[in-house]
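Peer 1: just a sequence and a predicted model for now, questions to come.
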Amino acid sequence: MKKSKIVDYPSRHESFEDWFQTPLGRSMLADQRRFLDQKLARLTGARQLQVSVSHRIPLANGTDFSQKVMTTPKWFTSIPDGVVVCDADELPFPGDSMDLVVLHHTADFSPYPHQALREAARVLRGEGMIALVGFNPVSVWGLRRLISRHHAGPWGGRFLMRGRMEDWLHLLGFQVDVSVTRFFRLPLQRSGRKASGRFGERLTVSGLLPVGAYYCILAKKRVSACIPRRAAWRQNNVMGIPGTGTVSASRGCPPQSLNHPED
């Protein structure tokens, strides 16, 4: 998929991460965490992967997985163990190695959203679950993005249609189990200090008002190992599972392990 124009995605990642420190951002993140913890609490397995714009925004902490891995697109000097520096459309993991993959606004801030979704499908095992979170263009937030003159915070994202994401999932062999929109707040910082209305929550659950600020799609992979492996060069960037330490496989940053060598 070609980019229509040159976009500085690293700076947009950083701006979006900073936005989650605002009252409205913290309120949305709390709602996302609450919903995913509720829906994914019963899942168990060996490995959970979160592909995020930042390793400082963990989701699905209530799941019971033996190993939890996160990816981040930017290198930091003090990245903890279990965090991999890589691009969302080039995941350095073997195929069929994850039981749960969480894509947190990944498609919104990726230059290749469809390929990012394909990579998530590749590393997910058959019958594994994918949780896809993205901004809803059919909302007041989508309107705000259209009229916004700057690209700070959420307004630098793509805001892809929820139906389009469902179509992509179906083409990749997924069965959509849950697809909802949430967070009925105005895109104003003062609205982040208010508790979510129960009326809006009821409309969200019933699906009568699919105009929440973000959508969440939960889908199960119904086909095993149907996603072909990428080119042979990629094998050099595949990290072994299980593993510890921080690994870099991002463009322009050679793969390396931060495990301390034996003295």
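Peer 2: Now that the structure is in, tell me what you want to look at. Residues are numbered from 1 along each chain as shown.

Peer 1: leaving out chain neighbours, which residue sits closest to Asp31?
Peer 2: Among residues not flanking Asp31 along the chain, Phe183 sits closest, at 5.3 Å (CB to CB, 6 or more residues apart in numbering). No exception for glycine: its C-beta is placed from N, CA and C like everyone else's.

Peer 1: dump the residue contacts of the one you found.
Peer 2: 28, 31, 196, 212-214 (CB atoms under 8 Å, 6 or more residues apart in numbering).

Peer 1: how about 7 Å then?
Peer 2: 28, 31, 212-214 (CB atoms under 7 Å, 6 or more residues apart in numbering).

Peer 1: do the same with Arg158
Peer 2: Contacts of Arg158 by CB under 7 Å, 6+ apart are 107-108, 113.

Peer 1: what about 8 Å?
Peer 2: 107-109, 113, 135.

Peer 1: so Gly82 touches Thr71, yeah?
Peer 2: No: the criterion here is CB atoms under 8 Å, and Gly82 misses it with Thr71 at 10.2 Å.

Peer 1: of these two, who's got more company?
Peer 2: Each of Gly82 and Thr71 has its neighbours counted (other CB atoms under 10 Å); Thr71 has more, 24 against 14.

Peer 1: in the helix or strand in which the more buried one is found, which residues are buried?
Peer 2: Of the helices and strands defined by DSSP states H and E, Thr71 is found in strand 64-72. For strand 64-72, the neighbour count (16 or more other CB atoms under 10 Å) marks 65, 67-72 as buried.

Peer 1: ok, then the element right after it?
Peer 2: Next along from strand 64-72, by DSSP H and E: strand 83-85.

Peer 1: partners of that next one, with directions?
Peer 2: Strand 83-85 sits in its sheet next to strand 64-72 (parallel), strand 247-248 (parallel), going by DSSP bridges.

Peer 1: can you list the residue ranges for strands in the stretch 1-150 of the chain?
Peer 2: Along the stretch 1-150 of the chain, counting by DSSP state E, counting those that start in this stretch, strands occupy 44-51, 64-72, 83-85, 98-104, 124-135.

Peer 1: so which of the ones you listed is the most packed in?
Peer 2: Among the strands of the stretch 1-150 of the chain, ranked by average contacts under mean count of other CB atoms under 10 Å, first place goes to strand 98-104 (a mean of 25).

Peer 1: if I read this right, Val102 contacts Ile57, doesn't it?
Peer 2: No: the pair Val102 / Ile57 is not scored as a contact, 10.7 Å apart, by CB under 8 Å.

Peer 1: could you name every residue contacting both of these two?
Peer 2: By CB under 8 Å, 6+ apart, no residue touches both Val102 and Ile57.

Peer 1: hmm, Lys74 and Ser52 touching each other?
Peer 2: No: using CB under 8 Å, Ser52 makes no contact with Lys74, being 10.9 Å away.

Peer 1: of those two, who's got more company?
Peer 2: Using other CB under 10 Å, the more surrounded residue of Ser52 and Lys74 is Ser52, with 25 against 16.

Peer 1: Ala60 versus the residue lying closest to that one once chain neighbours are set aside, what's the distance?
Peer 2: With sequence-adjacent residues excluded and distances taken as CB to CB, 6+ apart, Ser52 is closest to His104, at 4.5 Å. Using CB to CB, to the nearest Å, one obtains 9 Å as the distance from His104 to Ala60.
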